[in-house]
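Novice: Just a sequence and a predicted model for now, questions to come.
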Amino acid sequence: MSRLLNKVAIITGAASNPGLGHATAMRFAQEGAKLVLTDIDMVGLAAAEKEMVALGAEVLTMEQNVVDEQRWQEVIDATVERFGGLDILVNNAGIAVMRPISEYSTADYDLQMDVNIRSVFLGCKKALPAMIASGGGSIVNMSSVAALRGIPGVSVYGIAKAGVQIFSKSIALEHAADGIRCNSLHPGLIDTNIQNDSRRDNPDEFEKLGDTVPFGRMGYPVEVANCVLFLASDESSYVTGAELVVDGGLISK
Ligand code: NAD
C-alpha cells in the first residue's frame, strides 16, 4: 500500500493505545509514510515506535509537550534534518477537562486551552515554513463534535475545539497559494484512553454511551484514522478549510 509513499508526517500525541494518534500512525505506516511521532509519554511512544518499525516504517520519536514553542521548533528542525522535508502535520494531542462551569477553575481553563489550541497554533506556525519549503502539504487538526454542538460539562473543551475548526479555515486560506491544505476532523464518541475517566467514574453510564449514537456503538480509533489518512493524502487534493465529521451519525440527530 502506498497512499503516503515517501511522505514525511508529524503526528502529535501518538503514544496512547488505544488512541487516535496511535491509530493514525499505524495507518500512515501501512501506507508508506516516514513518521515523526511525539508525545509526553515516552514509554507509550517507545512501544508505538516498535509497532511502526515492525510495519516497515522509518520512525523518529521525540518527547514533546505541544504547549512548548521552543520544542516545536526543535521537532520541525529534527524532522527536516532526518527526512529532508515535511509534508503532513497531524495536530492530534489533546486532553479533555470536562466538568460543569461552576466547578471549572481558571487553572483548568488555562490547561484545557493550552493543550488543545495553543498547541495547534504553535504546530501550524512552526510547520508552515518547512511545508512551504517542501512545495506544499496537508495539515489535519483534531477537533471534535464538541465544536459543533453545545454539550453540558464540555463548555471549555468546546471553545478550544471550535477554535481549532475556525483557525483551520483561516490557515487554509492564508496558505492555499502555497499548495498547503488545512482541514479539521471532528470525531464523536471514540473508544480510546481519553474515555478512561468517565469509564472509571460512571461505569454504568459509560456502558450505555454507545446507545446514544445512531450506529448503536462508539467508534473504533481506526475509523477516525482512515479519515485522517484521506485528508493527509493526495486523494483529498481539492479539500481544504473543511470539517470532516466522524461520529456514526451522532450530531445528525
Ligand atoms: P488519548 O488520551 O487516547 O490520547 C491523547 C494523547 O495525547 C496521549 O498519548 C497523551 O499522552 C498525549 N498528550 C496529552 N497532553 C499532551 C501534551 N501536552 N503534549 C503532548 N502530548 C500530549 O486521546 P484520543 O482519544 O486519542 O484523542 C486524540 C485527539 O482526538 C484529542 O485532541 C481529542 O480531544 C480528540 N478527540 C477525541 C475523541 C474521542 O472520543 N476519543 C472525540 C473527539 C475528539
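Specialist: Right, received. Where do you want to start?
Novice: contacting residues around the residue positioned nearest the centre of the chain?
Specialist: The chain has Asn92 as the residue nearest its centroid, 1.9 Å off, counting by Cα atoms, centre = their mean. With contacts defined as Cβ atoms under 8 Å, 6 or more residues apart in numbering, Asn92 is in contact with 11-14, 20-21, 24, 140, 142, 228. For every residue, glycine as well, the C-beta is placed using N, CA and C.
Novice: Take the residues you listed and keep only those in helices.
Specialist: If you go by DSSP state H, the contacts of Asn92 have 20-21, 24, 228 in helices.
Novice: Just give me the closest of those to the ligand.
Specialist: The ligand lies nearest to Leu20 out of the ones in helices among the contacts of Asn92, by Cβ to the nearest ligand atom, at 3.6 Å.
Novice: returning to that earlier point: please list which of the ones in helices among the contacts of Asn92 are also close to the ligand.
Specialist: For the ligand, the contacts drawn from these by Cβ under 6 Å from any ligand atom are 20-21.
Novice: What residue, apart from its backbone neighbours, is nearest the residue nearest to the centre of the chain spatially?
Specialist: Gly21 (4.1 Å; Cβ to Cβ, 6 or more residues apart in numbering).
Novice: For the ligand, give me its nearest residue in the protein.
Specialist: When scored by Cβ to the nearest ligand atom, the chain has Gly94 as its residue closest to the ligand, at 2.2 Å.
Novice: Can you get me the start-to-end distance on stretch 80-94?
Specialist: 24 Å (Cα to Cα, to the nearest Å).
Novice: Repeat that for stretch 242-253.
Specialist: Termini of stretch 242-253 sit 21 Å apart (Cα to Cα).
Novice: buried residues in it?
Specialist: Within stretch 242-253, the residues that count as buried by 16 or more other Cβ atoms under 10 Å are 242-248, 250.
Novice: ok, is that stretch in contact with the ligand or not?
Specialist: No. Using Cβ under 6 Å from any ligand atom, stretch 242-253 stays clear of the ligand, coming no nearer than 8.4 Å.
Novice: surely Ala127 meets Asp77?
Specialist: No. Using Cβ atoms under 8 Å, Ala127 is not in contact with Asp77, being 11.2 Å away.
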